[in-house]
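K.L.:
this is a predicted model, with the sequence first.
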Amino acid sequence: RAAGCAGRSFGWARAVGEIEGGEGRRGERRRALRARMAYTRRMSAMDLFRFNSVNLDSLTETYNLCFYFQYLGTWPSYQRVVESAHGRVMAYMIGKTEGEGEQWHGHVSAVTVSPEFRRLGLAAGLMRFLDATADAVDKCYFVDLFVRVSNTVAIDMYRRLGYIVYRTIVGYYSGEEDAYDMRKALSHDVHRKSVVPITRPVHPSELYLTM
């Protein structure tokens, strides 16, 4: 079961292979060691007071406490934290399940990594965990997420994980920037109907009409 991955090292994230050049062999070994010493666990309410440094990233959406508490209480298995051996929050993810019938799917509401712990494969590891949980445990048809069109680093990572741009949401971010709705079909979507792209731009008011 996917939930059995909780507490395991992120060594399987192939951190060494994801490290780009420029730091030298010593830097690569140090970063790889950091990844091997990290572990993932279920998020707790106390973590909400510990990940301020992670949320300093301008691309990370910060929500009110009621939002996080709803996720913790309703979809506890999808709320994950990556923690260092010294108890530092390195990364986290919040997600959920929603929809009905063939629209039953997992959703990634946020996945983010603290700046000093990037390029270790932590975000990709969290995404793989959610994909596996949505597929094997909750029998979802697909997983989706929204990402700023300007966030090319994240978009590239999602593509490598098998996500496609399903549609473009005009002015999704406060009317100032468009978003890509990216999707990944899971094993229950045998005919991959969930990832047939909508080519025309979609407005936020249409989201639930075009699911």
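P.N.:
The structure has been received and is ready for your questions. Numbers count the residues shown, from 1 in each chain.

K.L.:
and the most centrally placed residue in the chain, how far from Tyr173?
P.N.:
In the chain, the residue lying closest to the centroid (C-alpha atoms, centre = their mean) is Val111, at 3.9 Å. Relative to Tyr173, Val111 is positioned 16 Å away (C-beta to C-beta, to the nearest Å). Bear in mind the C-beta positions are built from the backbone N, C-alpha and C, glycine included.

K.L.:
what values do phi and psi take at Arg183?
P.N.:
phi -130, psi 150 (degrees, to the nearest 10).

K.L.:
that one: neighbour count?
P.N.:
Neighbours of Arg183 under the rule other C-beta atoms under 10 Å: 25.

K.L.:
try Leu48
P.N.:
Residues near Leu48, counting by other C-beta under 10 Å: 15.

K.L.:
tell me how far it lies from His105.
P.N.:
26 Å.

K.L.:
measure Ser194 to Leu72 for me?
P.N.:
27 Å.

K.L.:
typo on my end, Tyr63
P.N.:
Counting by C-beta to C-beta, the gap from Tyr63 to Leu72 is 12 Å.

K.L.:
higher neighbour count, the two?
P.N.:
Leu72 (18 against 14).

K.L.:
now do the helices in this protein.
P.N.:
15-18, 24-37, 65-74, 122-132, 152-160 (DSSP state H).

K.L.:
quick one: low-confidence ranges for this structure?
P.N.:
Along the chain, segments meeting pLDDT under 70 span 1-36, 208-211.

K.L.:
distance-wise, check the residue lying closest to Leu130 once chain neighbours are set aside relative to Met127.
P.N.:
The spatially closest residue to Leu130, leaving aside those adjacent along the chain, is Gly95, at 5.1 Å (C-beta to C-beta, 6 or more residues apart in numbering). Gly95 sits 9 Å away from Met127, going by C-beta to C-beta.

K.L.:
for Ser44, what are phi and psi?
P.N.:
phi -120, psi 170.

K.L.:
show me the contacts for it.
P.N.:
Residues in contact with Ser44 (C-beta atoms under 8 Å, 6 or more residues apart in numbering) are 72, 81.

K.L.:
so who does the closest residue to the residue nearest to the centre of the chain other than its chain neighbours touch?
P.N.:
Leaving aside its sequence neighbours, Val111 sits nearest to Met93 (C-beta to C-beta, 6+ apart; 4.2 Å). Contacts for Met93 were tallied using C-beta under 8 Å, 6+ apart; they are 78-80, 108, 110-112, 123, 126-127, 129-130.

K.L.:
good, we can wrap up now.
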